[in-house]
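Colleague: no FASTA, just this:
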RNA sequence: GACCCUAUGGUCUAGCGGUUAGGACACCACCCUUUCACGGUGGUAGCCCGGGUUCGAUUCCCGGUAGGGUCGCCA
């Protein structure tokens, strides 16, 4: 058999479909994908659905959707969430639930050679007691000794009493059968690797290269469990993050281009990425930094994608932009460009364009909707009412001259006006907002607000 | 309890025996400004501790401490 190093790299992402796609899992997939693309190798997606009690097709769908959203295309693997559905690649099926014969044969082989034995209806593998050396591409050479519990009974179950194969067995058998050359996975598997190496030896083949990547921790340094909000890739998809921002950020956790750059396209990263450069220590997930990168990418979005994502965000919030003229929608969105980060923020930021002002920011109303401001806003409304051209420049001129006539600073009029028209204290340029809303709506909203003073 | 990995400002990191320890996010101040952002300028803040090795350790070795992982008929 050809040694793994002589072949084009074949890597895989092998999640178990028992819940959402974990952010750490997404990064593992990303690193595998990067390595495959960097080396011209193959990226395989394999679904490890051997835990029949906890697997679900819905979870498979979440994995496929998440990977596709991130732009991680796989060369081999399932095309749908259906375990018996279509797939691509010559080493299928890619669902372990469909590969039972392989496992059965492998177990039989071990049994017949005396390398495994039956115990209480299950099959256990005869694990060696001597320490096993693992040459890890990230961690270096690791000598794994037995723990005290393992020393008491080093053997482990590879097939349950109900005939179902266990993770350690299927993982190794599939990596072997699929010709996987590099196993890039979370560090939580490093201790398990001794068992996997022992199994490869039992099957008479050299183990693949291993690269155990550090884990992603919560901001406080604690373990990021499935329960933690922010642990799911779907959470970022739903909040309106851009896939390129999330992917870029994930790459910065445990890997660095080393030239002080932070924002890199996936193409640049693919070119520079390599496994030996992966850091050895865990990294905390910094939401603020992700947000910053998101802002960087959001600002340079082209118009078409910006409109599409914005309209989608409004729709998700229950605001139907389709009932407004397209030029109005575009003009409204143009005033928001570069002013917000995630699209999830957009409806709250600029929803006033697509619905009446329901309520005013309470604190601001208390401060701005006061008796002494009433004649001022009234005067401003009158000035706006006399405008023939209701565009930003004219509105700005009108506001400033009104302020001058009243002997107050522009801000004195700007704040209550913005609050009256948008209900918010912050938002797009006031003059442009008014222009987009139009004379009728603007005056009407100011009039309505005047009743609250 | 045992075994394994790790350790540069609050966070992500550059550094690979001699540096004023660099960058980014966050934070603070100021500027810009109709708000919020953006942008600009400046600033606070770091090599976990203790031993070695060395002329010299953030950097190499050992120990400690701390964090993380693993020891399932979960994956």
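Modeller: Okay, I see it. Predicted model, so just to flag it, every value in this text is computed and none were measured. Residues are numbered from 1 along each chain as shown, chains lettered A, B, ... in the order given.
Colleague: list the contacts for the nearest residue to residue A:329 once chain neighbours are set aside?
Modeller: Leaving out its chain neighbours, the residue that sits closest to residue A:329 by C-beta to C-beta, 6 or more residues apart in numbering is residue A:321, at 5.0 Å. Every residue, glycine included, has its C-beta placed from N, CA and C. When contacts are counted by C-beta atoms under 8 Å, 6 or more residues apart in numbering, residue A:321 touches A:311, A:314-315, A:329, A:354.
Colleague: looking at these, which has the most residues close by?
Modeller: Counting by other C-beta atoms under 10 Å, residue A:314 has the largest number of neighbours within the contacts of residue A:321, with 24 neighbours.
Colleague: ok, it touching residue A:351?
Modeller: Yes - counting by C-beta atoms under 8 Å, residue A:314 sits close enough to residue A:351 to count as a contact (7.4 Å).
Colleague: report the beta-bridge partners for the closest residue in space to residue A:284 that isn't next to it in sequence.
Modeller: Among residues not flanking residue A:284 along the chain, residue A:217 sits closest, at 4.8 Å (C-beta to C-beta, 6+ apart). The partner list for residue A:217 in beta bridges (DSSP bridges) reads residue A:223, residue A:284.
Colleague: for residue A:217, give its distance to RNA strand B.
Modeller: Between residue A:217 and RNA strand B the computed distance is 6 Å (C-beta to the nearest atom of the strand, to the nearest Å).
Colleague: all strands for chain A, in order.
Modeller: Taking DSSP state E as the test, the strands found in chain A are A:10-13, A:42-45, A:77-78, A:87-88, A:116-119, A:122-125, A:132-136, A:140-144, A:156-159, A:182-186, A:209-213, A:216-217, A:283-284.
Colleague: in CSV: the ones you listed, plus distance to residue A:298, mean neighbour count and mean pLDDT.
Modeller: As requested, the strands of chain A are arranged in CSV below (distance: least, C-beta to C-beta, whole Å; neighbours: other C-beta atoms under 10 Å; pLDDT from 0 to 100):
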stretch, distance to residue A:298, mean neighbour count, mean pLDDT
strand A:10-13, 28, 26, 98
strand A:42-45, 28, 24, 98
strand A:77-78, 31, 24, 97
strand A:87-88, 34, 17, 96
strand A:116-119, 55, 15, 96
strand A:122-125, 52, 20, 97
strand A:132-136, 38, 16, 94
strand A:140-144, 40, 12, 94
strand A:156-159, 49, 21, 97
strand A:182-186, 30, 23, 97
strand A:209-213, 28, 22, 97
strand A:216-217, 23, 20, 93
strand A:283-284, 24, 14, 95
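Colleague: quick one: closest of these to residue A:97.
Modeller: Between residue A:97 and the strands of chain A, the tightest spacing by C-beta to C-beta is seen for strand A:77-78, at 11.4 Å.
Colleague: and the contacts of the closest one?
Modeller: Applying C-beta under 8 Å, 6+ apart, the set of residues contacting strand A:77-78 is A:44-47, A:60, A:64, A:85-89, A:94-95.
Colleague: with stretch A:338-353 instead?
Modeller: Residues from elsewhere that reach stretch A:338-353 (C-beta under 8 Å, 6+ apart): A:238-241, A:291, A:294-295, A:298-299, A:309-310, A:312-314, A:316-317, A:319, A:324, A:328, A:332-333, A:335-336, A:421-424, A:426-428, A:433, A:436-437.
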